[in-house]
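K.L.:
Sequence and predicted structure below; questions after.
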Amino acid sequence: QVQLVESGGGLVQAGGSLRLSCAASGRIFSAYYMGWFRQAPGKEREFVAAIGWRGGSTYYADSVKGRLTTSRDLATNTMSLQMNSLKPEDTAVYYCAASARSTRGRPIRTYDYDYWGQGTQVTVSS
């Protein structure tokens, strides 16, 4: 089992920055990937970014490339999402997720992940 807790959400103006964190505990050493997803009201949960927990390879949705950066700290079992140049369309609940198995292709689908955090709200005002 892996437990995930997100923090760092809030309200920011367009063009501003936020940094989300995801603290992992439990059998995190068994994780293959960790990812960020988001869900806006009335929309499906969508992939934002992912990182290979051991190797550090990163993957990003086209809509966030160049603005959002994910990283992980193996010493503290923490994953971060640095969000710059935020836009109103980035408003959503952001979820941290962990995958306990390898995936076929890029780890960008919700069903690639086994564990989920409770989410943190990010609101970007125009």
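P.N.:
Yes, it's here.

K.L.:
A49 - nearest residue in space that isn't next to it in sequence?
P.N.:
In space, and not counting its chain neighbours, A49 is closest to T70: 4.3 Å by C-beta to C-beta, 6 or more residues apart in numbering. Every residue, glycine included, has its C-beta placed from N, CA and C.

K.L.:
Likewise for Y60?
P.N.:
Nearest to Y60 is A49, by C-beta to C-beta, 6+ apart, at 5.0 Å.

K.L.:
Report the contact partners of the one you found.
P.N.:
35-36, 58-61, 64, 68-70, 81 (C-beta atoms under 8 Å, 6 or more residues apart in numbering).

K.L.:
If we use 7 Å, what do you get?
P.N.:
Applying C-beta atoms under 7 Å, 6 or more residues apart in numbering to A49 gives the contacts 35-36, 58-61, 64, 68, 70, 81.

K.L.:
Take the residues you listed and keep only those in strands.
P.N.:
Mapping the contacts of A49 onto strands (DSSP state E) picks out 35-36, 58-60, 68, 70, 81.

K.L.:
And the contacts of stretch 104-120?
P.N.:
2, 4-9, 20, 22, 33, 35, 37, 45, 47, 50, 59, 93-100, 103.

K.L.:
how about it: buried residues?
P.N.:
107-108, 112-113, 115-117, 119-120 (16 or more other C-beta atoms under 10 Å).

K.L.:
measure that stretch end to end?
P.N.:
End-to-end distance of stretch 104-120: 28 Å, with C-alpha to C-alpha, to the nearest Å as the criterion.

K.L.:
How far off centre is that stretch?
P.N.:
9 Å (C-alpha atoms, centre = their mean, to the nearest Å).

K.L.:
Now do the contacts for the spatially most central residue of the chain.
P.N.:
Closest to where the C-alpha atoms of the chain average out (C-alpha atoms, centre = their mean) is W36, at 1.9 Å. By C-beta under 7 Å, 6+ apart, W36 lies in contact with 48-49, 70, 81, 94, 96.
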